[in-house]
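Enquirer: let's see this in three dimensions:
(chains A and B, ligands or ions: 1)
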Amino acid sequence: MTTREIGTLAATLRAALGDEQVISDRQELRTYECDGLAQYRVVPALVALPRTAEQCAAVVRACAAADVPFVARGSGTGLSGGALPHADGVLIVTSQLRTIKEIAPQDERAVVEPGVINLHVTRAAAPYGYYYAPDPSSQQICSIGGNVAENSGGAHCLKYGFTTNHVTGLQVVTPDGDLVRLGGRAPDAPGYDLVGAFVGSEGTLGIATEVTVRLVRLPETVRTLLAAFRGTDAAGAATSAIIGAGVIPAAVEMMDALAIEAAEAAVHCGYPAGAGAVLIVELDGPASEVEAQFAQVERLCREHGAFEIRIAADETERLLFWKGRKSAFAAVGRISPDYIVQDGVIPRTALPEVLRRIDQLSRERGIRVANVFHAGDGNLHPLVLFDDAVEGQAERAEEVSGAILELCVALGGSITGEHGVGMDKARYMPRMFTDDDLDTMQLLRCAFDPRGLANPGKVFPTPRLCGEVPGRRTGVHPAQAAGLAEVF
Amino acid sequence: MPDAVLAALRAASHEASGRSNHTDGVWLADDEPILPGVRPRYMAAPGSTAEAAAVLRAAAAHDLAVVVGGGLTKQDWAAPPRRCDLLLSTRRLTGVVEHAAGDLIAVVRAGTRLTELAELLAPAGQQLALDAPLSGATVGGTVAVSTSGPRRMLYGTVRDLLIGVTVVRPDGAVAHAGGKVVKNVAGYDLGKLITGSYGTLGLVTEAAFRLHPCPAASAYVSRRAADPADAARLVAGVLAGQVVPSALEIDAPAEGGLAVVVLLEGTANGVAGRAVRTTRLLGGDAAISDAPPGWWSAYPWGPGDVGMKLTAALSGVPALLTAALTARRQHGVPLALRGSAGTGVLYAGLPGTTRAETVAVVVDALRAAAGAAGGHAVVLTAPAAVRERVDLWGPVEGLELMRRVKRQFDPDARFAPGRFVGGI
Ligand SMILES: Cc1cc2nc3c(=O)[nH]c(=O)nc-3n(C[C@H](O)[C@H](O)[C@H](O)COP(=O)(O)OP(=O)(O)OC[C@H]3O[C@@H](n4cnc5c(N)ncnc54)[C@H](O)[C@@H]3O)c2cc1C
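Expert: Numbering: from 1, shown residues only, chains lettered A, B, ... in the order given. Okay, the predicted model is just below:
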């Protein structure tokens, strides 16, 4: 965009939103140049801060009219560069769409604006005995709109499911700038499940301006144990045994020796000395169920080599167990100047093999890897450690990180379990999907956004042209001409 | 006269399957059980995704309208297709491709019956936690129509359990989405789009599901309710009670009466304790049983009847139920109601002999009530006379986007044309 075009668009946006709601000052724009994946930085042409869904739609309409791309941004905690701005585009920030419109325990629903912080929904629902189940580790800062876009998960998604299982309705601004309602409070709205299609679409199908989420009744009991093992093999075997016994814990989280070391250095969580791996296992539900299964989990951990098991006596101790785990990403900063947070998925039973191969990679390339997982569902978060000041380390770390993804795909897993594809992993999509697969996914995009204005360059390595595909019929269908079909 | 289209379909089937006797892959439909309303000319029963793709490419080249059939249990659901030249059966696409018991997943071919799948998974103590309200239903048909039953309350529906799909597009291209791990956010979740799409976007050949362990014990706690308000009080009490039911159903048969039934699943001791607590929550004549009531997980209608699905926000269920009972009285019809009061889904049945005019007014009344309760009333199945008279779907939000999706996947509107919302 030329400076003049930017100026014209800025004027249109200011007229629709008010002066305060549009940023064009270069210094201020810089605040928004990256999301949680800070190695990619792009300064947007403009930032718009709508206060209502209608204003949000007006911004998108202005973009559509000017043929300018737009990128939605919630809290900017994404770890795949999903909210990375477009240099010639408008960044639409939802931080002023922060109203919890309704907490409806009688419907087991909450209706919120997209900028509402994940944890605030649970806080608002708690007085009624309800909570919002998806709990990404970033829940104190990330937005529900971002969660919807990324289909975010969390430690407790093993039992309760991901964002997609908890969103029943959306109001969306389409890339044309129309406000559309999809789904609602009731389940199973007739027609295609566009709510399901939108969740996890990473801002490429439009902007969510209102989200209706399920609220879940608080469990009667929560019990948590911390089990220390000599190594990850034993901890992995214990995890498999627990799941194999038919227990579905609320969460099973694992950390290896290096991750424990980092967490100790950072938050002094006091995990058992000499542990080569720890498991945090949490069960929740009716007291009578939890008691029976908790004893079983404890026994299975011991049988598989746990040398110390601590059971949280109260909420304070429980939070201490979790503190080590939840701070793991940031904590590695204590033991390494730089690191890459990787996010891949494997079938859980392949865990021992994957860990051996990661270890091998790590030794071959001289790059340390700390491992943190959602062990119950095979979601790995290897933290690849390096020092950018050392010549060549960043490249080698990048290679190790990439090789881990290859490993996930080779074992039948996924290149991302919760952080999304964004711009960071678009190039890995062809490892997991064929050209036809990617082409088919983009049929959906073409339906919503034929001009490719919503968050372009993300998710897909090569955009599909949405115009007429060679060999496809154009014009009027014979059935339509004969009056048999209605116009599509 | 030789049939050139038949020859082309056969050649495609032959080449992709390598079978010498290719007449068993594609044939003329004369003797087949025919879909209501339309008469397909050709039948195909491909034995693999590759063969299905080859046949569908040939069908595309000859502009054939295609309807996919599995167990054919739901072909009298929704509107009949406007056109059908080729009926593609999934009956040879059967069996489990992979059951990774340790990972609690299974990849299954679309023509596999849910009952067969259950038998295959049972030895490992696992299940696909989907109720099958219609016997004979296949995996593919269940995905295409997204049927569900009582246990949706705990386990969700097809959309929540489906983790990957293989689809043959109307143009014959083969596409996969998702995968075979439960946690996966790579790419669009096309499984959600396909689920409940009534075969209008393509042919599902394989589906990957998340499985659950079979519970060690289960118990049903039943209680009679005096009226909808009483039922609502009981339902709310159970929802607040932290007993975590797998199902919370109500049943209001046409003959009268109203019952609330709670299903609890878990460990033997756990279930025993929770069942006792549930009887206390329900009070009155609440009683515990090992076995479900006879109507459990069945629709409140039979073959040839009118079957409807009514949805509401949870708090709207009592008003919806009241409206339905009022409609029953006012119009003097034996309207039967049943469903998941714990999730806001009720089913309603009327005899197939009910006059179309009467059905239409009852549907209007139920639609108004469901709409006021934040939900919808959809006629799932009905005799031809009724299907011609009433709007089966009612209002559909986002219809324009849906048409655009259809146009992208099936630009020539050849897949089950007319079967779905808004004439899609
Ligand atoms: C320390 C840390 C821990 C984390 N832990 C987890 C975890 O446990 N699980 C997990 O899943 N993720 C985790 N994340 C990643 C991140 O927090 C999530 O992806 C989160 O959902 C992003 O929310 P956000 O509001 O920050 O979105 P942003 O980063 O602002 O945006 C993310 C994407 O969403 C799009 N978007 C934002 N708002 C909208 C909207 N209203 N409509 C449409 N698209 C929109 C953006 O365009 C972008 O593509 C973690 C991140 C950090 C920094």
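Enquirer: for the residue in the stretch 101-250 of chain A that chain B sits nearest to, pull up the helix or strand it's in.
Expert: Relative to chain B, the nearest point of the stretch 101-250 of chain A is A:G196 (2.8 Å; Cβ to the nearest Cβ). Yep, even glycine has a C-beta here, placed from its N, CA and C like the rest. Element membership of A:G196 [criterion: DSSP states H and E] is helix A:194-198.
Enquirer: what helix or strand does the residue most central in space within chain A sit in?
Expert: What sits nearest the mean C-alpha location of chain A, by Cα atoms, centre = their mean, is A:S152, with 3.4 Å. Taking DSSP H and E as the definition, one finds A:S152 inside no helix or strand.
Enquirer: test my guess that it contacts A:A133.
Expert: No: between A:S152 and A:A133 there is no contact under Cβ atoms under 8 Å: 11.3 Å.
Enquirer: for the residue in the stretch 151-300 of chain B positioned nearest to chain A, give me its contacts.
Expert: Per Cβ to the nearest Cβ, B:K192 is where the stretch 151-300 of chain B lies closest to chain A, at 2.8 Å. B:K192 makes contacts with A:164, A:193, A:195-197, A:199, B:159, B:162, as judged by Cβ atoms under 8 Å, 6 or more residues apart in numbering or on different chains.
Enquirer: try it again with 7 Å
Expert: A:193, A:196-197, B:159 (Cβ atoms under 7 Å, 6 or more residues apart in numbering or on different chains).
Enquirer: nearest residue to it other than its sequence neighbours?
Expert: Take B:K192 and drop its neighbours on the chain: the residue closest to it by Cβ to Cβ, 6 or more residues apart in numbering or on different chains is A:G196, 2.8 Å away.
Enquirer: could you dump the contacts of B:K192 into JSON lines and include neighbour count and pLDDT?
Expert: Listed next are those as JSON lines, based on neighbours: other Cβ atoms under 10 Å in any protein chain shown; pLDDT from 0 to 100:
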{"residue": "A:D193", "neighbour count": "25", "pLDDT": "98"}
{"residue": "A:G196", "neighbour count": "26", "pLDDT": "98"}
{"residue": "A:A197", "neighbour count": "25", "pLDDT": "98"}
{"residue": "B:R159", "neighbour count": "23", "pLDDT": "98"}
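Enquirer: on that earlier part again, can you tell me how far the residue nearest to B:K192 is from A:V213?
Expert: As defined by Cβ to Cβ, to the nearest Å, A:G196 lies at a distance of 14 Å from A:V213.
Enquirer: hmm, back to that, right, and the residue nearest to the centre of chain A touches A:Y132 too?
Expert: No: taking contacts as Cβ atoms under 7 Å, A:S152 lies outside contact range of A:Y132: 11.4 Å.
Enquirer: can you classify A:Q171 as helix, strand or coil?
Expert: Following DSSP: H, G, I helix; E, B strand; the rest coil, A:Q171 is assigned to strand.
Enquirer: quick check: it vs A:V71, distance?
Expert: From A:Q171 to A:V71 the distance is 19 Å (Cβ to Cβ).
Enquirer: tell me which of these two has more neighbours.
Expert: Taking neighbours as other Cβ atoms under 10 Å in any protein chain shown, A:Q171 and A:V71 compare with A:V71 leading, 28 against 23.
Enquirer: check which element follows the helix holding A:G196 along the chain.
Expert: Counting by DSSP H and E, the next helix or strand C-terminal to helix A:194-198 is strand A:207-214.
Enquirer: how about the residues of the stretch 51-200 of chain A near chain B?
Expert: Proximity of the stretch 51-200 of chain A to chain B, by Cβ under 7 Å from any Cβ of the partner chain, involves residues A:106-108, A:150-151, A:153, A:161, A:164-165, A:174, A:180-182, A:184-194, A:196-197, A:200.
Enquirer: filter these down to the ones close to the ligand.
Expert: A:150, A:153 (Cβ under 6 Å from any ligand atom).
Enquirer: buried only: go through the residues of the stretch 51-200 of chain A next to chain B for me.
Expert: Those of these that meet the buried threshold are A:107-108, A:150-151, A:153, A:161, A:164-165, A:174, A:180, A:182, A:184-194, A:196-197, A:200, by 16 or more other Cβ atoms under 10 Å in any protein chain shown.
Enquirer: am I right that B:D171 falls within a helix?
Expert: No: B:D171 sits outside any helix when classified using three-state DSSP, being coil.
Enquirer: ok, for it, nearest residue in space, not its chain neighbours?
Expert: Leaving out its chain neighbours, the residue that sits closest to B:D171 by Cβ to Cβ, 6+ apart is B:A60, at 5.2 Å.
Enquirer: pull up the distance across stretch B:204-219, start to finish.
Expert: Using Cα to Cα, to the nearest Å, the end-to-end distance of stretch B:204-219 comes out at 36 Å.
Enquirer: ok, now stretch B:29-49?
Expert: 21 Å.
Enquirer: I'd like the mean pLDDT over it, please.
Expert: For stretch B:29-49, mean pLDDT rounds to 83.
Enquirer: likewise stretch B:73-87?
Expert: Here the average pLDDT along stretch B:73-87 is 85.
Enquirer: any part of that stretch near chain A?
Expert: Yes: contact of stretch B:73-87 with chain A (Cβ under 7 Å from any Cβ) involves B:82-83.
Enquirer: show me where the stretch 301-450 of chain A has helices.
Expert: A:315-326, A:328-331, A:351-365, A:393-410, A:429-432, A:435-448 (DSSP state H, counting those that start in this stretch).
Enquirer: dump the last one to PDB, restricted to CA.
Expert: Extracted C-alpha coordinates of helix A:435-448, given in PDB (Å, rounded to 0.1, in the frame of the first residue of the first chain):
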ATOM      1  CA  ASP A 435      -1.700 -31.600  -2.300                       C
ATOM      2  CA  ASP A 436      -5.300 -32.800  -2.700                       C
ATOM      3  CA  ASP A 437      -5.800 -32.700   1.100                       C
ATOM      4  CA  LEU A 438      -4.500 -29.100   1.200                       C
ATOM      5  CA  ASP A 439      -6.500 -28.200  -1.900                       C
ATOM      6  CA  THR A 440      -9.700 -29.600  -0.300                       C
ATOM      7  CA  MET A 441      -9.100 -27.700   2.900                       C
ATOM      8  CA  GLN A 442      -8.800 -24.600   0.900                       C
ATOM      9  CA  LEU A 443     -12.200 -25.200  -0.700                       C
ATOM     10  CA  LEU A 444     -13.500 -24.100   2.700                       C
ATOM     11  CA  ARG A 445     -11.400 -21.100   2.600                       C
ATOM     12  CA  CYS A 446     -12.500 -20.200  -0.900                       C
ATOM     13  CA  ALA A 447     -16.100 -20.400   0.400                       C
ATOM     14  CA  PHE A 448     -15.500 -17.900   3.200                       C
END
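Enquirer: where does the residue nearest to the spatial centre of chain B fall, secondary structure wise?
Expert: Nearest to the mean C-alpha position of chain B, by Cα atoms, centre = their mean, lies B:T147 at 1.9 Å. Using DSSP H and E, B:T147 sits within no helix or strand.
Enquirer: that one and B:A129: what is the separation?
Expert: B:T147 is 13 Å from B:A129, where distance means Cβ to Cβ.
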